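Colleague: structure here, sequence nowhere to be found:
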């Protein structure tokens, strides 16, 4: 029995969703609405006290963190291999997924949270204070406190945009030899993890992320979008 | 043929060193002197253009990033298992190693870099400018530029110390049930990865990291120090 709690096919939730779809695995899909703070509700906190999403529940055992879930699914499920057998290729894959967690994600978090300032501004102040008090992680609470006060200062936003530009250059460099997928011939968790963040980039960073500035990246995004599993992601958005 | 390029038994370099020693593996040890910037020299950049340390070279193939190297050594070497066979325990291990990379390491980097400000202040300004220009990574260059101008502002340092306090509480919570090792009975890469950063904490954060404030942590540090492989680390410091 597999169940996935997720926010739909975006950011960290996209990774395990796409892994499950690529593998053709049967799973119960629980789409949480982040704008209703469903991940901070007691019902979800009973599953993951940290209140982070996504979460996989497999035969009663809880697995957290999208990158860890992706490797776990490789460890336990049959279906197409998304992790190379060769140990060195596997290491290269892990360098690439780790880079997303340590560089792409923090930069996009600042930009994405800042973009949520208008949403936060519409929330009643007492309600926001109540929501902040319910957040289990201090860094998440501080982020939302910043967002509810109008967002990040310009120098922090500029630094996040600079760092994101470096990430896009890193991806473009990886694809510079004309390869189809990030590791070369074999589609892998490296593609899935990068796509989880990169799918939004043409919208978030159009100046760095267009076919002229990053042609390798643009071609790779098209190949990703053409995969049946990627097309199927649209069916997993939370109902609003 | 295995060769490890490292800075001695500290921080990220400690992880693969300790893995190799626990496994009793034969390897060529290349201790680089970070204070002589040997990792930015062309000789090392020929091995790792990114100029990051540690680096493992195995039969001519280069593996980077301490956490990735640790998993790679599990994938290719015999010797005592440092990664659980059970997929769920393995996932728990990865959550713990990932936490060190994403939370402990960034907080300690700010504190450790700031502590290097007196060292940086003794470097001739023209020489420092030349060194900065040789740094391949923009974030590393910015860090050293900050350090060479006296270090981080007090609010950034205070935030790093607050985050580090959260990391110590996280480790103490993991050990709260009286277990010997972070995953329970089995010593693993989770212990090794945490130790790579935690060994310095009683000195860096004595207010949070003492036997009164964090008794579980203190006992675990003693068990780590009692391991023969940990005692053997002292032989791998760069000669100065």
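Modeller: Great, that's in hand. The model shown is predicted, which means the values in this text are computed figures rather than measured ones.

Colleague: show me what the spatially closest residue to residue A:28 that is not a sequence neighbour is bridged to.
Modeller: Nearest non-adjacent residue to residue A:28, counting by CB to CB, 6 or more residues apart in numbering or on different chains: residue A:3, 4.1 Å away. C-beta coordinates here come from the backbone N, C-alpha and C atoms, glycine included. Under the criterion DSSP bridges, residue A:3 forms beta bridges with residue A:28, residue A:57.

Colleague: correct me if wrong: residue A:3 contacts residue A:59.
Modeller: No: assessed by CB atoms under 8 Å, residue A:3 is found out of contact with residue A:59, at 10.0 Å.

Colleague: the two: which has the busier surroundings?
Modeller: Neighbour count, other CB atoms under 10 Å in any protein chain shown: between residue A:3 and residue A:59, residue A:3 has more, with 15 against 8.

Colleague: residue contacts, that one?
Modeller: A:27, A:28, A:29, A:30, A:56, A:57, A:58 (CB atoms under 8 Å, 6 or more residues apart in numbering or on different chains).

Colleague: give me the pLDDT value at it.
Modeller: The predicted structure scores residue A:3 at 98 on the pLDDT scale.

Colleague: and the gap between it and chain B?
Modeller: 15 Å (CB to the nearest CB, to the nearest Å).

Colleague: ok, residue A:167 next?
Modeller: Going from residue A:167 to chain B by CB to the nearest CB gives 11 Å.

Colleague: quick one: the nearest residue to that residue once chain neighbours are set aside from residue A:201, how far?
Modeller: Once flanking residues are discounted, residue A:167 sits nearest to residue A:104: 4.7 Å by CB to CB, 6+ apart. With distances taken as CB to CB, to the nearest Å, residue A:104 is found 9 Å from residue A:201.

Colleague: how about residue A:66?
Modeller: 17 Å.

Colleague: does residue A:134 touch residue A:39 like I think?
Modeller: No: in this structure residue A:134 lies outside contact range of residue A:39 using CB under 8 Å: 10.2 Å.

Colleague: the residue lying closest to residue A:180 once chain neighbours are set aside: neighbour count?
Modeller: Using CB to CB, 6+ apart and skipping the chain neighbours, the partner closest in space to residue A:180 is residue A:223 (6.2 Å). Residue A:223: 13 surrounding residues under other CB under 10 Å.

Colleague: before we move on, which element is residue A:223 in?
Modeller: helix A:215-225 (DSSP states H and E).

Colleague: could you give the average pLDDT over that helix?
Modeller: On average, helix A:215-225 scores 97.

Colleague: name the residues that touch that helix?
Modeller: Against helix A:215-225 from outside (CB under 8 Å, 6+ apart): A:168, A:171-172, A:174-176, A:178, A:180-182, A:191, A:195, A:198-199, A:201-202, A:209-211, A:230-231.

Colleague: tell me which helix or strand comes right after that helix.
Modeller: helix A:228-232.

Colleague: buried set for that following helix?
Modeller: Neighbour-count burial for helix A:228-232 flags A:229, A:230 (criterion: 16 or more other CB atoms under 10 Å in any protein chain shown).

Colleague: I'd guessed residue A:208 sits against residue A:202; true?
Modeller: No: in this structure residue A:208 lies outside contact range of residue A:202 using CB under 8 Å: 9.5 Å.

Colleague: neighbour count: the two, which is higher?
Modeller: Using other CB under 10 Å as the criterion, residue A:208 and residue A:202 rank with residue A:208 on top: 19 against 16.

Colleague: contact partners for residue A:90?
Modeller: A:83, A:84, B:71, B:72, B:75.

Colleague: got the phi and psi for the nearest residue to residue A:20 once chain neighbours are set aside?
Modeller: Using CB to CB, 6+ apart and skipping the chain neighbours, the partner closest in space to residue A:20 is residue A:27 (5.3 Å). The phi/psi pair for residue A:27 (degrees, to the nearest 10) reads phi -150, psi 150.

Colleague: ok, now how distant is residue A:27 from chain B?
Modeller: From residue A:27 across to chain B, the span is 16 Å (CB to the nearest CB).

Colleague: show the pLDDT at that residue.
Modeller: For residue A:27, pLDDT reads 98.

Colleague: for it, give me its contacts.
Modeller: By CB under 8 Å, 6+ apart, the contact list for residue A:27 reads A:2, A:3, A:4, A:20.

Colleague: wait, is residue A:63 part of a helix?
Modeller: No: with DSSP: H, G, I helix; E, B strand; the rest coil as the criterion, residue A:63 is strand rather than part of a helix.

Colleague: that one bridge partners, please.
Modeller: residue A:56.

Colleague: check contacts around it.
Modeller: Residue A:63 touches A:55, A:56, A:57, A:69, A:72, B:88, B:91, counting by CB under 8 Å, 6+ apart.

Colleague: does the last one sit in a helix, a strand or a coil?
Modeller: Going by three-state DSSP, the secondary structure assigned to residue B:91 is helix.

Colleague: that one contacts residue A:70, correct?
Modeller: No: applying CB under 8 Å, one finds residue B:91 not in contact with residue A:70, separated by 10.2 Å.

Colleague: show me where chain A dips below the pLDDT cut-off.
Modeller: Across chain A, nothing is flagged by pLDDT under 70.

Colleague: for it, which residues are neighbours of chain B?
Modeller: A:58, A:61, A:63-65, A:67-69, A:71-72, A:75-76, A:87-88, A:90-91, A:94-95, A:98, A:101-102, A:138-139, A:162-163, A:166 (CB under 8 Å from any CB of the partner chain).

Colleague: again, only this time at 6 Å
Modeller: A:61, A:63, A:65, A:68, A:72, A:75, A:76, A:87, A:88, A:91, A:94, A:95 (CB under 6 Å from any CB of the partner chain).

Colleague: the helices in chain A, which residues?
Modeller: A:11-23, A:42-45, A:66-76, A:87-99, A:105-115, A:117-121, A:125-134, A:138-148, A:154-174, A:189-198, A:201-204, A:215-225, A:228-232 (DSSP state H).

Colleague: pretty sure residue A:167 is touching residue A:106, no?
Modeller: No: counting by CB atoms under 6 Å, residue A:167 stays clear of residue A:106, with 9.9 Å between them.

Colleague: out of these two, which sits in the more crowded spot?
Modeller: Legend: neighbour count by other CB under 10 Å for residue A:167 and residue A:106, higher for residue A:167 (23 against 15).

Colleague: circling back to that earlier point, would TSV of the contacts of residue A:90 with neighbour count and distance to residue A:240 be doable?
Modeller: Output for the contacts of residue A:90, formatted as TSV (neighbours: other CB atoms under 10 Å in any protein chain shown; distance: CB to CB, whole Å):
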residue	neighbour count	distance to residue A:240
A:83	20	34
A:84	18	38
B:71	24	40
B:72	24	44
B:75	14	43
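
Colleague: dump these into CSV; add distance to residue A:122 as well.
Modeller: Converted to CSV, those look like this (distance: CB to CB, whole Å):
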residue, distance to residue A:122
A:83, 43
A:84, 47
B:71, 45
B:72, 49
B:75, 50
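
Colleague: out of these, the closest to residue B:112 would be?
Modeller: Distances from residue B:112 to those, taken as CB to CB, are shortest for residue B:71 (24.8 Å).

Colleague: just give the nearest non-adjacent residue to the closest one, would you?
Modeller: residue A:94 (6.4 Å).

Colleague: what about the one you found, how many residues nearby?
Modeller: Quick note: residue A:94 (other CB under 10 Å) scores 25 neighbours.
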